[in-house]
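Chemist: mind folding the following:
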Amino acid sequence: MAEIKKMYEFKMEVDHTEGEGDKKVVTKEPVQCIIRKPTRNLLDEGDLFYSVKISEGIQKGLITRALMAKRLVNDGGVLSEPEKETYVKLYTDLFNKQTELQSMSLKSDSDRSPEEKEKLDNLMAEMAIVRKDLHNFEASQAALFEHTAEARARNKTIIWWVLFLSHIQGKNDKEPRPLFGAGSFEDRLSTFEKLEEEGNAADRAIAERMVMYVTFWYSGGATEAKDFERFEKEFGVVTN
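Modeler: Residues are numbered from 1 along each chain as shown. Predicted structure coming up:
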């Protein structure tokens, strides 16, 4: 396995069992929990997964965010004029940046010049900021946006990212290993769901912490370790 780049890491404890029957002893063992930094290929796969889930939502009859925005702007609704202007600006800005990203993605990473790579990195950083602002706006209007195709896709994509970014390293591990195993999304999701249903309290606590951190990252709240540390301080998150 190639060495992974770490976006953030923290320590927690898992149950360590030795022996069987009456001789079974369960102790706490510290492990390093790691959120890997996504590669460009993984970012492409995540964007594709999000797009597919939007299409699925539309097929199931969910309204899109664009149609919701059109209704809010053209048909009145509960938004004030300044709020309408803010939302249209954010949505248009994100759409334009996504279009530019798709255009740049036609060229493989090996064919890009250093200037093009830098531009791509800057574009993705700008998109993260716009997504954060858009998320904050929509959070304040949650009742309106929670049933859109994009909202459904976002929630499912967060789980996708949790499954692919979460790693763990115990004292006997030579290198970090995927928390939910290797393989496809479906394989990892099965492990995740089994852990939720049958896992012990320590394992579930790690999974819940990963969901919390990855959600914070995906919403644009974090890009480096200091952002996660600020998050922990602001919300009183305690790690071992």
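
Chemist: for the host helix or strand of residue 86, which outside residues touch it?
Modeler: Using DSSP states H and E, residue 86 sits in helix 81-104. Under the criterion C-beta atoms under 8 Å, 6 or more residues apart in numbering, residues 65-66, 69, 72-73, 79, 116, 119-120, 123-124, 126-127, 130-131, 133-134, 137 lie in contact with helix 81-104. Just so you know, the C-beta spots here come from the backbone N, C-alpha and C atoms, and that holds for glycine as well.

Chemist: so for that helix, mean pLDDT?
Modeler: Averaged across helix 81-104, pLDDT comes to 82.

Chemist: also stretch 39-56?
Modeler: On average, stretch 39-56 scores 93.

Chemist: just stretch 177-188 next, same as before
Modeler: pLDDT averaged over stretch 177-188 gives 95.

Chemist: tell me the contacts of residue 196?
Modeler: Here residue 196 is in contact with 204, 207 (C-beta under 8 Å, 6+ apart).

Chemist: secondary structure class for it?
Modeler: Here residue 196 is helix, with the state taken from DSSP: H, G, I helix; E, B strand; the rest coil.

Chemist: also residue 157?
Modeler: Assignment for residue 157 (three-state DSSP): helix.

Chemist: tally of neighbours for the residue nearest to it when sequence neighbours are not counted?
Modeler: Distances taken as C-beta to C-beta, 6 or more residues apart in numbering put residue 50 closest to residue 157, at 4.5 Å, once the chain neighbours are dropped. Close neighbours of residue 50, defined as other C-beta atoms under 10 Å, add up to 18.

Chemist: buried residues in stretch 118-130?
Modeler: Buried residues in stretch 118-130, counted by 16 or more other C-beta atoms under 10 Å: 120, 127-128, 130.

Chemist: still on that earlier bit, does anything pack onto whichever helix or strand comes after the helix holding residue 86? Which helices or strands?
Modeler: The helix or strand immediately downstream of helix 81-104 is helix 114-140, counting by DSSP H and E. Secondary-structure packing of helix 114-140 (3 or more C-beta pairs under 8 Å, 6 or more residues apart in numbering; DSSP states H and E): helix 81-104.

Chemist: export the helix it packs on to PDB, keeping only CA atoms.
Modeler: Taking Å, rounded to 0.1, in the frame of the first residue of the first chain, the C-alpha atoms of helix 81-104 are listed here in PDB:
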ATOM      1  CA  GLU A  81     -34.700  40.200  -1.800                       C
ATOM      2  CA  PRO A  82     -31.100  40.400  -0.400                       C
ATOM      3  CA  GLU A  83     -31.300  36.700   0.500                       C
ATOM      4  CA  LYS A  84     -32.400  35.800  -3.000                       C
ATOM      5  CA  GLU A  85     -29.500  37.800  -4.500                       C
ATOM      6  CA  THR A  86     -27.100  36.100  -2.200                       C
ATOM      7  CA  TYR A  87     -28.300  32.600  -3.000                       C
ATOM      8  CA  VAL A  88     -28.300  33.300  -6.800                       C
ATOM      9  CA  LYS A  89     -24.800  34.600  -6.600                       C
ATOM     10  CA  LEU A  90     -23.500  31.700  -4.600                       C
ATOM     11  CA  TYR A  91     -25.200  29.100  -6.800                       C
ATOM     12  CA  THR A  92     -24.000  30.800 -10.000                       C
ATOM     13  CA  ASP A  93     -20.500  31.000  -8.800                       C
ATOM     14  CA  LEU A  94     -20.400  27.300  -7.800                       C
ATOM     15  CA  PHE A  95     -21.900  26.300 -11.200                       C
ATOM     16  CA  ASN A  96     -19.300  28.300 -13.100                       C
ATOM     17  CA  LYS A  97     -16.400  26.900 -11.100                       C
ATOM     18  CA  GLN A  98     -17.800  23.300 -11.500                       C
ATOM     19  CA  THR A  99     -18.000  23.900 -15.300                       C
ATOM     20  CA  GLU A 100     -14.400  25.200 -15.300                       C
ATOM     21  CA  LEU A 101     -13.300  22.200 -13.300                       C
ATOM     22  CA  GLN A 102     -14.900  19.700 -15.700                       C
ATOM     23  CA  SER A 103     -13.100  21.400 -18.600                       C
ATOM     24  CA  MET A 104      -9.800  21.200 -16.800                       C
END
